[in-house]
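Colleague: What would the 3D arrangement of this be:
(chains A and B)
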Amino acid sequence: LAKTTQPISMDSYEGQEVNITCSHNNIATNDYITWYQQFPSQGPRFIIQGYKTKVTNEVASLFIPADRKSSTLSLPRVSLSDTAVYYCLVPTNAGNNRKLIWGLGTSLAVNP
Amino acid sequence: DVKVTQSSRYLVKRTGEKVFLECVQDMDHENMFWYRQDPGLGLRLIYFSYDVKMKEKGDIPEGYSVSREKKERFSLILESASTNQTSMYLCASSLSAPPRTGKNSNQPQHFGDGTRLSIL
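Modeller: So this is what the prediction gives:
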C-alpha cells in the first residue's frame, strides 16, 4: 500500500534553515515530487517540484536521493511569515493506475 | 497568475439539502479537482476531471457527485447533505495529462481559498 510520511510538526527560529523530509514507498517512476505551503484560511500554494537530485528556486530547495524514496524540502533562513503547513505530493503506483498521494502535512512554527 | 475561484467562502446548510459548490478557473487547465480537508486527515480527493464531461472518482466519492459541462467550471454536488460532510472543501486545477498516466503528470495544482461548509 502506497504511503507518504512526514513529521506532524516542527519548531524553528527566525534565520535558521529548516529541512522537512517526506518518506514515500512505492513511488512511481518518471514523475515529479511536489511540495505545497498552506496558510490558515487559504488553499495550498505550490512551492517547488523535482524529479531527482537537487532543485532550487527563489524560495526553497528540494533534495531527492537516487532511490527517490524520500524528499527533503529546505527553507533557508526562515522568517515568521514561513509559519505554515507544508505538504508533499507524490506519484505512486496503485495497481494498474498511477495515483497521487498527499502527505498529512508538517506544521512549521517559526519563533522570534 | 492562475486564479481559481470558489463561489462561497462560508456556507451553512441543513441535513438532507442538495448542496452545490462551484469552482471556476481562468487558465484553460485540463485537470480540475475537488478535495475535502479535515483536521488530522490532510487533503482527501473526492473527484477529479481531466476534460469536459469526464470525471473520475477519487478516494472518498460516496455521497458526492460532480459536473463539468465547461472546461473552466467544475461543480461539486452533495446529493443529500449529512452532518459528516461538514468540512473545508478545496478546488484545484492543473495543466496537462491525467494524474493517472504519463510523465510529468504531477503538475502544480492551483487551489482556490476553500469553502467552509457546515451541515446542521
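Colleague: Let's see the helix or strand of chain A at the bottom of the mean pLDDT ranking as CSV, backbone CA atoms only.
Modeller: Lowest on mean pLDDT, DSSP states H and E among the helices and strands of chain A sits strand A:97-102, with a mean of 81. The C-alpha trace of strand A:97-102 is given here as CSV (Å, rounded to 0.1, in the frame of the first residue of the first chain):
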residue,chain,number,x,y,z
ASN,A,97,-3.1,3.1,-12.2
ARG,A,98,-0.8,5.9,-11.0
LYS,A,99,-2.1,7.7,-8.0
LEU,A,100,-1.1,11.0,-6.4
ILE,A,101,-0.7,10.7,-2.6
TRP,A,102,-0.6,13.6,-0.2
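Colleague: Name the residue of chain B that lies nearest to chain A.
Modeller: Across chain B, the shortest distance to chain A (C-beta to the nearest C-beta) belongs to residue B:111, at 2.9 Å. Glycine gets a C-beta too; all of them are placed from N, C-alpha and C.
Colleague: nearest residue to that residue other than its sequence neighbours?
Modeller: Nearest residue to residue B:111, sequence neighbours excluded (C-beta to C-beta, 6 or more residues apart in numbering or on different chains): residue A:43, at 2.9 Å.
Colleague: For that neighbour, give me the pLDDT.
Modeller: On pLDDT, residue A:43 comes in at 96.
Colleague: now it: how far from residue A:67?
Modeller: 32 Å (C-beta to C-beta, to the nearest Å).
Colleague: More neighbours: which of these two?
Modeller: Each of residue A:43 and residue A:67 has its neighbours counted (other C-beta atoms under 10 Å in any protein chain shown); residue A:43 has more, 22 against 8.
Colleague: sorry, back to before: sort out which residues of the least confident helix or strand of chain A are buried, please.
Modeller: Using 16 or more other C-beta atoms under 10 Å in any protein chain shown as the test for burial, strand A:97-102 gives A:98-102.
Colleague: one step back: is the residue of chain B closest to chain A in contact with residue A:37, as I believe?
Modeller: No: using C-beta atoms under 8 Å, residue B:111 is not in contact with residue A:37; the gap is 10.9 Å.
Colleague: between these two, who's got more neighbours?
Modeller: It is residue B:111, of residue B:111 and residue A:37, that has more neighbours when counted by other C-beta under 10 Å, with 24 against 20.
Colleague: Quickly list what the more buried one is bridged to.
Modeller: Beta bridges link residue B:111 to residue B:92 when assigned by DSSP bridges.
Colleague: before we move on, the earlier item: tell me the secondary structure at the residue nearest to residue B:111.
Modeller: At residue A:43 the chain is in coil, as set by DSSP: H, G, I helix; E, B strand; the rest coil.
Colleague: so residue B:37 touches residue B:114, yeah?
Modeller: Yes: Residue B:37 is within contact range of residue B:114, at 7.4 Å (criterion: C-beta under 8 Å).
Colleague: ok, and what's touching the strand or helix carrying residue B:47?
Modeller: Counting by DSSP states H and E, the element that carries residue B:47 is strand B:42-49. Strand B:42-49 has contacts (C-beta atoms under 8 Å, 6 or more residues apart in numbering or on different chains) with A:44, A:87, A:100, A:102-105, B:31-38, B:55-61, B:64-66, B:68, B:74, B:76, B:90, B:99.
Colleague: what's the closest residue to residue B:5 other than its chain neighbours in contact with, if anything?
Modeller: Among residues not flanking residue B:5 along the chain, residue B:24 sits closest, at 5.0 Å (C-beta to C-beta, 6+ apart). By C-beta under 8 Å, 6+ apart, residue B:24 lies in contact with B:4-5, B:7, B:72-73.
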